[in-house]
Structure formats: C-alpha cells, structure tokens
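# Provide a 3D model corresponding to the input given below.
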Amino acid sequence: MPAPRPATPAQRKIKEAMDARDALAAALTRAGIQLPAMDIRTPWAEGARYAFVHLGQCSAPVAHALAEVITRGASR
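Numbering: from 1, shown residues only. Take a look at the predicted model:
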C-alpha cells in the first residue's frame, strides 16, 4: 500500500476551518445553543488561501442566547 500523500496547503486550511467549526459547535452545544447551518466556505475554486467558518443564519432568540453566553464569558 503506498504511503499517503502529504496534505496540500489548501487541504490544511480547510482542515483548520473544519476543526474550528467543530470546536465552536461543541462549545455552543455545551452552552445550550445550536447553529444548524454552520459550514466551511472557501472563496476560491482552485485551492484555498484560507477558509471561512460560515455560521449561517440564526433566529433572534438564538442570537440573544449567544450574546448572553459571550457576555457571561467576557465578564469573568
């Protein structure tokens, strides 16, 4: 079996964004908040200079809950 190829810079950027998305989703879940449309986006068709963690849309109550959790954490 051939050795796996090393990840390209684009693949590393996408993996970084996926890890960040998963960490954020886990933290939000622990706080009782869910953003169902979280996704990874890259602005370029060929390769990725960077990747975005797209948080998607959320309802006003979810936005208020998120603001409350952030405020509580910031006041520590």
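
# please make it C-alpha for all contacts and neighbour counts, starting now.
Noted.

# who does the helix or strand bottoming out on mean pLDDT in the chain touch, helix- and strand-wise?
The weakest-scoring helix or strand in the chain, judged by mean pLDDT, DSSP states H and E, is strand 39-41 (a mean of 88). Judged by 3 or more Cα pairs under 8 Å, 6 or more residues apart in numbering; DSSP states H and E, strand 39-41 is in contact with helix 9-30, strand 52-54.

# what's around Asp19, how many residues?
13 (other Cα atoms under 10 Å).

# numbering from 83 from now on, please.
Yes, from this point I'll number from 83; that puts the last item at Asp101.

# rewinding a little: contact partners of the least confident helix or strand of the chain?
With contact meaning Cα atoms under 8 Å, 6 or more residues apart in numbering, strand 121-123 is reached by Ile96, Ala99, Met100, Arg103, Ala133, Phe134, Val135, His136, Leu137, Gly138.

# residue nearest the middle of this structure, spatially speaking?
Centroid-nearest residue in the chain: Arg103, 2.2 Å away (criterion: Cα atoms, centre = their mean).

# that one and Phe134 touch, don't they?
No. Applying Cα atoms under 8 Å as the test, Arg103 and Phe134 come out as separate, 9.2 Å apart.

# can I get the helices and strands packed on strand 121-123 in JSON lines including distance to Ala149?
Formatted as JSON lines, the helices and strands packed on strand 121-123 follow (distance: least, Cα to Cα, whole Å):
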{"stretch": "helix 91-112", "distance to Ala149": "11"}
{"stretch": "strand 134-136", "distance to Ala149": "18"}
